[in-house]
Structure formats: C-alpha cells, structure tokens
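**Student:** here are the coordinates; sequence isn't available:
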C-alpha cells in the first residue's frame, strides 16, 4: 500500500515537472492593460516592458527589483528612454529583492494607482510563481495578463523553479 502511494506521488511529481518544463508560458497577445509590471532578472524583461509601452498596450510601467545603485538617469540612458517618457510613465521600484517582495512592491504600486489590470512581464520559467505570488497580495479583482519572455532555461533552472513553485503551493494549502 505504501509502495503504491509513493509510486503514485513520484509519478505525479514527474508528470508535473514534465508539464512545467515542456509547456512554458508564452508571450501574451495584444490585450491592453492599465499598466505593465516588469520583474528584473534575466535578459529581455525590461526590453519587453518597453515594447509594451511603445505599442500602447499599457500606459504605465513599474520595474520592480531595480538595484539601489541605479539612478533613473542611468536607467533611461541604458535603455534609450526619453526624459518625458521616463518621468510620465516609468516607475523604478527599489524595494524588492526576490519574487515575493516583487509581488508586494507591485501590489502596493497597483493599489496606489488604482489599476484594475496589469501585464506581468518576467521569464517564461518564472512567470507561474511570480503570477501566483502577485495573486496572493494584489488588490481584489485585479486582472493579470501573464506575458512571458521566452528563454532557453537550463535543466537546473527548471528543476529549482518547479520546486519553488511547489513549495509556494504547499504553503498556500497548508496556510504556513
């Protein structure tokens, strides 16, 4: 009996990992939102957020997890952002250091600005956990459009991220 239960759990874990690794989320379509939230980290994320702004899919952007050493002027210079766009439309968030604090920082910015929909931009392997964490702290009724930046993650990255997501789900279920 115990052997069957363990075998079933192992099979479930393996199938879950296979699903997680093979069916990575894709970039979102052309749905408009009130704002875009970009989580810093691997390449392409900020560029995707700026593309969303330029395409007028969202008028405002929060970049969450910016290093405290980076000034708005440096950020604008690195990404070739005109001063007017930087001052009207882009907020740099310096308060977060991980995915959970990204979610808290984003949720506070969303609530402060009264947004009802956001486009969440992060890597394809990271977006499920990021969206889950945001859903736990976001204002009620917030619509989140998951906009994954396509990457080529290593087995190690997928393995670790799958287990981080499982841990979050278990924490949610157990209330710890």
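**Tutor:** Sure, I can see it. From a predicted model like this one, the values you see are computed outputs, not experimental measurements. Numbering: from 1, shown residues only.
**Student:** and residue 39, how many neighbours?
**Tutor:** Using other C-beta atoms under 10 Å, residue 39 has 30 neighbouring residues. For the C-beta atoms, the positions are set from N, CA and C on the backbone; glycine is no exception.
**Student:** The chain should start at 9 in everything you say after this.
**Tutor:** Done: numbering now begins at 9, and the last item shifts to residue 47.
**Student:** I figured it hits residue 138, correct?
**Tutor:** Yes: contact criterion C-beta atoms under 8 Å: residue 47 and residue 138 qualify, at 5.9 Å.
**Student:** Can you pull the residues that touch both of those two?
**Tutor:** 107, 110, 128, 130 (C-beta atoms under 8 Å, 6 or more residues apart in numbering).
**Student:** roughly how far apart are the third one and residue 31?
**Tutor:** According to C-beta to C-beta, to the nearest Å, residue 128 and residue 31 sit 18 Å apart.
**Student:** Out of those two, name the residue with the larger neighbour count.
**Tutor:** Neighbour totals were compared for residue 128 and residue 31, and residue 128 leads with 25 against 9 (other C-beta under 10 Å).
**Student:** part of a strand, is that one?
**Tutor:** Yes: counting by DSSP: H, G, I helix; E, B strand; the rest coil, residue 128 falls inside a strand.
**Student:** Find me the pLDDT at it, would you?
**Tutor:** Note for residue 128: predicted pLDDT of 98.
**Student:** How much space separates it from residue 25?
**Tutor:** Separation of residue 128 from residue 25 (C-beta to C-beta) stands at 23 Å.
**Student:** Thanks a lot, catch you later.
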